[in-house]
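Undergrad: Task: produce atomic coordinates for the following.
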Amino acid sequence: MAVVEARGLEKTYQAGDIAVKAIRGVDFTIEPASFVSFIGPSGSGKSTLLNMIGCLDPPTRGTLTVVGKNIAGLSRQEAARFRGEHIGFIFQDFNLIPVLTVFENVEYPLVMVQNWPKQKRRERVRELLQAVGMSDQSNKYPGQISGGQKQRVAVARALVTNAKLVLADEPTANLDRKTANRIIELMQEMRTEFGTTFIFSTHDPKVVKNVETIFTLEDGRLLEEGNHG
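TA: So this is what the prediction gives:
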């Protein structure tokens, strides 16, 4: 079963009396444990598409199936619940909570979304922090660690709920080349270990060269799908 499947997907925003079509009837399928990127110039619709897949913004028309569920008609509350249970997010500015420790940042989605017993939560967080090489930093705060370390924490947080799908919006934009390459390698390791699908929205050639499938967008239309060998 596909992790994400879109058919006739459209998104229109209303700007006063003007209807702005951000996504124009796109079709695509993304298989489990994939490494996929949407690319295209600014304003092409990449972020809009990621927001729809992530249940942050409902489609205007068409069907969008994520992890086996058509999410097009979900209420805001239903979308929030589905997002919390099935989808992880990684952002270019990390989005860590500054007053929480590294451990608490990774634990936060389990506290907020899933009713996990405390001991089970702690075991899961320790497992993820070890997997991303941040166990020895677990008691530090975001302001005390580097950008690359923050992104490692963000990767752990995205995976802590056993998400089968992680959406990464320009995840390497604020990292130097060496750190960015290591984060990409880390996400590939997580994909192999946990069977997670990673979907990127990016301009970064370092990310693009490492994905298996590239969807190219322009003016809200899907121009082509390419595969790396």
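
Undergrad: in the protein, which segments are predicted with low confidence?
TA: Regions of the chain meeting the criterion pLDDT under 70 cover residues 114, 226, 228-229.

Undergrad: okay, which residue is most central for it?
TA: Centroid check for the chain by CA atoms, centre = their mean gives Leu167 as the closest residue, at 1.2 Å.

Undergrad: That residue: what's it in contact with?
TA: By CB atoms under 8 Å, 6 or more residues apart in numbering, the contact set of Leu167 is Leu50, Ile53, Gly54, Ile87, Gly88, Phe89, Ile90, Ile199, Ser201. No exception for glycine: its C-beta is placed from N, CA and C like everyone else's.

Undergrad: switch to 6 Å and redo it
TA: By CB atoms under 6 Å, 6 or more residues apart in numbering, the contact set of Leu167 is Leu50, Gly54, Phe89, Ile199.

Undergrad: Is it bridged to anything, and to what?
TA: Phe89, Ile199 (DSSP bridges).

Undergrad: Now do it against Ile97, distance only.
TA: Noted for Leu167: a distance of 19 Å to Ile97, by CB to CB, to the nearest Å.

Undergrad: And the strands in the chain?
TA: For the chain, the strands defined by DSSP state E occupy 4-15, 18-30, 35-39, 61-66, 69-70, 87-91, 165-169, 197-201, 213-218, 221-227.

Undergrad: Could you list the buried residues of the first one?
TA: When burial is assessed from 16 or more other CB atoms under 10 Å, strand 4-15 yields the following buried residues: Val4, Glu5, Ala6, Leu9, Glu10, Lys11.

Undergrad: For it, output the C-alpha coordinates as CSV.
TA: The C-alpha coordinates for strand 4-15 follow below in CSV (Å, rounded to 0.1, in the frame of the first residue of the first chain):
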residue,chain,number,x,y,z
VAL,A,4,0.9,8.8,0.0
GLU,A,5,-1.4,8.9,-3.1
ALA,A,6,-2.8,12.0,-4.7
ARG,A,7,-5.4,12.1,-7.5
GLY,A,8,-6.6,15.3,-9.1
LEU,A,9,-5.2,17.2,-6.1
GLU,A,10,-5.9,21.0,-6.1
LYS,A,11,-5.4,23.8,-3.7
THR,A,12,-6.9,27.3,-4.2
TYR,A,13,-6.5,30.3,-1.9
GLN,A,14,-8.8,33.2,-1.9
ALA,A,15,-7.0,36.6,-1.9
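
Undergrad: contacts for it?
TA: So strand 4-15 is contacted by 19-23, 25-30, 48, 53, 59-66 (CB under 6 Å, 6+ apart).

Undergrad: mind redoing it with 8 Å?
TA: 19-30, 45, 48-49, 52-53, 57, 59-66, 165, 197, 199, 220.

Undergrad: Relative to it, what are the paired strands and their orientations?
TA: strand 18-30 (antiparallel), strand 61-66 (antiparallel).
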